[in-house]
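[1] Let's see this in three dimensions:
(one chain, ligands or ions: 2)
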Amino acid sequence: MNVTITPSNVEGTVRAPPSKSYTHRAILAAGYADEATVRDALWSADTRATARAVTLFGGDVTRTDDGVLEIDGFDGRPDVPADVIDCANSGTTMRLVTAAAALADGTTVLTGDESLRSRPQGPLLEALADLGAEADSTRGNGQAPLVVTGPLSGGDVSIPGDVSSQYITALLLAGAVTEDGIAIDLETELKSAPYVDITLEVLADFGVDARHTDAGFEVDGGQSYAPVGGEYAVPGDFSSISYPLAAGAIAGDEGATVRIEGAHPSAQGDSAIVEIVERMGADVDWDRDAGTIDVSTAPLSGIDVDVEDTPDLLPTIATLGAVADGDTHITNAEHVRYKETDRVSAMAAELGKLGVETTEEPDSLTIHGTESTLEGATVRGRADHRIIMALALAGLVADGETTIEGADHVAVSYPGFFSTLEELGVSLERDDGH
Ligand SMILES: O=C(O)C1=C[C@@H](OP(=O)(O)O)[C@@H](O)[C@H](O)C1
Ligand SMILES: C=C(OP(=O)(O)O)C(=O)O
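    Ligands and ions are numbered 1, 2, ... in the order given. Purely as a prediction, here's the structure:
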């Protein structure tokens, strides 16, 4: 599907979609449990991939009409799957499910789409091998397809912290049901650290004890998963919120407000987007108790932003920087190159088509702001949900129409994204190509 956006002003109220990160963890934690109810779960292409894996491990995931997931778990002992596990486009699924597969008494094969089959899995495979499982890349290049044979006994392991925090999340989730537990020693500084805090929070909510240590993290073995209070509710997603928030900051008429509901504070590092937009000059009011954010448009100025903890915000910040006056310097961004696409290069190239100049370094991206003089153009979504949504924002304020090719991939994390834009008053056309 291609989507063509006509420059539009935004105004209105948006409900935050449920958090993708919390939903993945809750579905898998429910899988590790005997049974659990997960409310307000995100039902997107990525989280459905995790639900499929739980089913292949012998669990059962039923979605009721009001979007509640009733999950019968595999109770800490995954079956050997009767089929290959297709993790589709989801890095989180592949990492978390690879470690779960290492608990099965037999062999699991995991694969994914072309993008996922090019992302790094080597450090996780080596860690699982050090902990007693067999874990290989079929091509021997540290990328999927992966073949994993359990069981995993647990123990001490060291792993780099600067490739993906999802390796640590995966080991903590699986480690709780190993015999010996897992103690993780970080070889390098941890990037995307708030995502491990999300993991510790979800583990605690499922009655599992895991903790920071001087060297990294540890989880005791022999624990059981059971949601405290019988069910688990997923909070709103701040990475997803970043798009309507940015839209309100750049494309509102004078006096107009975009209100976001369901924005309660949580462990998500990406809630930093509120402070970033404010620092750039937008008028923002976050009522943390009510979980509402009100934002209105004001002239934006370029700023310096470190994305070590918040890699998924880079595309949104790049578009905000493109509209701002002056330079926006995004630093500590090397790990943002290991996502669905190399998002540093992808944003530089696609914003370039809209007339934006950028300077790319291995670990940073500088956007030379245009003060809202973007030129509409045809851009490529690169099969990356966050690139598509960030380019759609640019289309709101560009001169003339902006067509985003391959826009369907928003279904990975924010299936209702384009409908939400329409509800805010955006004029857009979907072209299915037939
Ligand atoms: O654990 C998670 O839910 C995630 C961790 C981050 O990945 P890395 O840890 O690979 O940076 C983030 O980019 C991804 O969207 C979701
Ligand atoms: C990188 C992302 O997710 P994953 O790693 O799960 O593919 C993302 O949602 O931006």
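
[2] which regions of this structure sit below the pLDDT cut-off?
    Low-confidence segments of the chain (pLDDT under 70): 434.

[3] Might you enumerate the residues of the stretch 251-400 of the chain proximal to ligand 1?
    311-312, 335 (C-beta under 6 Å from any ligand atom). The C-beta positions use only the backbone N, C-alpha and C, and glycine is treated the same way.

[4] Residue 217 belongs to a strand?
    Yes: Residue 217 forms part of a strand when assessed by DSSP: H, G, I helix; E, B strand; the rest coil.

[5] ok, and the closest non-adjacent residue to it?
    residue 184 (4.7 Å; C-beta to C-beta, 6 or more residues apart in numbering).

[6] quick one: secondary structure of the one you found?
    Residue 184 ends up strand, using three-state DSSP.

[7] before we move on, what about residue 41?
    coil.

[8] Ramachandran angles for it?
    phi -70, psi 150 (degrees, to the nearest 10).

[9] again, but for the one 3 residues further on
    Dihedral angles phi and psi of residue 44 (degrees, to the nearest 10) take the values phi -130, psi 180.

[10] residues near it, how many?
    When neighbours are defined as other C-beta atoms under 10 Å, residue 44 has 23 of them.

[11] Wait, it touches residue 411, no?
    Yes: if you go by C-beta atoms under 8 Å, residue 44 and residue 411 touch, sitting 6.2 Å apart.

[12] ok, back up a step: what subset of the residues of the stretch 251-400 of the chain next to ligand 1 is also close to ligand 2?
    Answer for these near ligand 2 (C-beta under 6 Å from any ligand atom): residue 312.

[13] Quick one: the strands in the stretch 151-300 of the chain, in order.
    155-159, 182-186, 210-212, 216-219, 231-233, 258-261, 283-287, 292-296 (DSSP state E, counting those that start in this stretch).

[14] of the residues of the stretch 251-400 of the chain next to ligand 1, buried ones?
    311-312, 335 (16 or more other C-beta atoms under 10 Å).

[15] out of these, which one sits closest to ligand 2?
    The closest of these to ligand 2 turns out to be residue 312 (C-beta to the nearest ligand atom; 4.4 Å).

[16] For that closest one, which non-adjacent residue is spatially closest?
    Nearest to residue 312 is residue 239, by C-beta to C-beta, 6+ apart, at 4.4 Å.

[17] That neighbour contacts residue 17, doesn't it?
    No: applying C-beta under 8 Å as the test, residue 239 and residue 17 come out as separate, 9.5 Å apart.

[18] so what's the backbone phi/psi at residue 368?
    phi -90, psi 110.

[19] Kindly state the beta-bridge partners for the residue nearest to residue 200 when sequence neighbours are not counted.
    The shortest distance from residue 200 to any non-neighbouring residue, by C-beta to C-beta, 6+ apart, is to residue 210 (5.6 Å). Bridge pairing for residue 210 (DSSP bridges) gives the partners residue 219.

[20] Contact partners for residue 210?
    Taking C-beta atoms under 8 Å, 6 or more residues apart in numbering, we find residue 210 in contact with 172, 175-176, 199-200, 203-204, 217-220.

[21] quick one: which of those is nearest to ligand 1?
    For the contacts of residue 210, the nearest to ligand 1 is residue 199 (7.1 Å; C-beta to the nearest ligand atom).

[22] and the gap between the residue nearest to residue 63 when sequence neighbours are not counted and residue 17?
    Leaving aside its chain neighbours, residue 63 sits nearest to residue 69 (5.6 Å; criterion: C-beta to C-beta, 6+ apart). Per C-beta to C-beta, to the nearest Å, residue 69 is found 15 Å from residue 17.

[23] Tell me if stretch 50-59 is near ligand 2.
    No: on the criterion C-beta under 6 Å from any ligand atom, stretch 50-59 is out of touch with ligand 2, staying 9.5 Å away.

[24] Show me which parts of that stretch are buried, residue by residue.
    Those would be 50-59, for stretch 50-59 by 16+ other C-beta under 10 Å.

[25] helix or strand right after the strand or helix carrying residue 50?
    Assigned by DSSP states H and E, residue 50 falls within helix 45-56. Sequence order places strand 60-63 as the next helix or strand after helix 45-56, per DSSP H and E.

[26] partners of that next one in the sheet?
    When DSSP bridges is applied, strand 60-63 pairs with strand 69-72 (antiparallel).

[27] How about residues contacting the strand it pairs with?
    With C-beta under 8 Å, 6+ apart, strand 69-72 has contacts from 27, 30-31, 33-39, 41, 51, 54, 59-64.

[28] so what sits against both of residue 239 and residue 17?
    residue 413.

[29] thought residue 222 was touching residue 182?
    No: the pair residue 222 and residue 182 does not pass the contact test of C-beta under 8 Å, sitting 11.9 Å apart.

[30] can you list residues touching both of those two?
    Joint contacts of residue 222 and residue 182 (C-beta under 8 Å, 6+ apart) do not exist.

[31] quick one: which of those two has more around it?
    Taking neighbours as other C-beta under 10 Å, residue 222 and residue 182 compare with residue 182 leading, 27 against 12.

[32] Can you give me every residue that contacts that one?
    131, 154-157, 171-172, 174-175, 218-219, 221.

[33] Need phi/psi at residue 95.
    Dihedral angles (degrees, to the nearest 10) for residue 95: phi -70, psi -50.

[34] What separation do you get for the closest residue to it other than its chain neighbours and residue 87?
    Spatial nearest neighbour of residue 95, chain neighbours left out: residue 166 (3.8 Å); criterion: C-beta to C-beta, 6+ apart. Counting by C-beta to C-beta, the gap from residue 166 to residue 87 is 12 Å.

[35] got it, and residue 48?
    11 Å.

[36] Hmm, residue 56 and residue 83 touching each other?
    Yes: here residue 83 reaches residue 56: they are 6.2 Å apart, a contact under C-beta under 8 Å.
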